[in-house]
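Visitor: model the following, please.
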Amino acid sequence: MGKGEFGIVTALTVLVAGAVFVGAVESPDPERFADVRVVPREISVYDRLKEQISPFHFGNVPRESFRGDTTVWVVDLDRNMYTIAQTDLYVTRILRNLGFTSIEAAERAAGGIVFNAVFPNGQPIEINFTCP
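Guide: Numbering: from 1, shown residues only. Next up, the predicted model:
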């Protein structure tokens, strides 16, 4: 028996074994899994903020670091879509709607805008929109 014939015989054996397995094994009862309820997870303020500022910057998620107790996000501002003034208005509105306090915004000397705010739980955050 040559290599080609051996490959054909092996393929046919696997095909027949697969057909027997599919025909002989019962499929799971769909009603067994009907009682499983997926509890919707409450999305944290942290994740909602990341999601809501995503249209204003390039990339997927902010670059995150920490300075003392302050969370620092650095993102690249998409200046083709939003000006600094528009970003200031929209991001300030997002922060207010999410319950942030002590919101401050200032233009960066190197270009862009920086937001300082306090999470509803009291943790400070700094969001730096840089101009690439």
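Visitor: pretty sure Ile53 sits against Asp76.
Guide: No - with contacts counted by Cβ atoms under 8 Å, Ile53 stays clear of Asp76, the gap being 12.0 Å. For every residue, glycine as well, the C-beta is placed using N, CA and C.
Visitor: give me the more crowded residue out of these two.
Guide: In terms of neighbours (other Cβ atoms under 10 Å), Ile53 is the more surrounded of Ile53 and Asp76; the figures are 20 against 17.
Visitor: the more buried one looks like it's in a helix, true?
Guide: Yes - counting by DSSP: H, G, I helix; E, B strand; the rest coil, Ile53 falls inside a helix.
Visitor: remind me, longest helix of the protein?
Guide: The single longest helix within the chain, with elements called by DSSP state H, is helix 3-24.
Visitor: hmm, who's touching the helix or strand containing Ile125?
Guide: Following DSSP states H and E, one finds Ile125 within strand 124-130. Under the contact criterion Cβ atoms under 8 Å, 6 or more residues apart in numbering, strand 124-130 has outside partners 53, 56-57, 62, 67, 69-77, 84, 87, 91, 100, 102, 108, 110-119.
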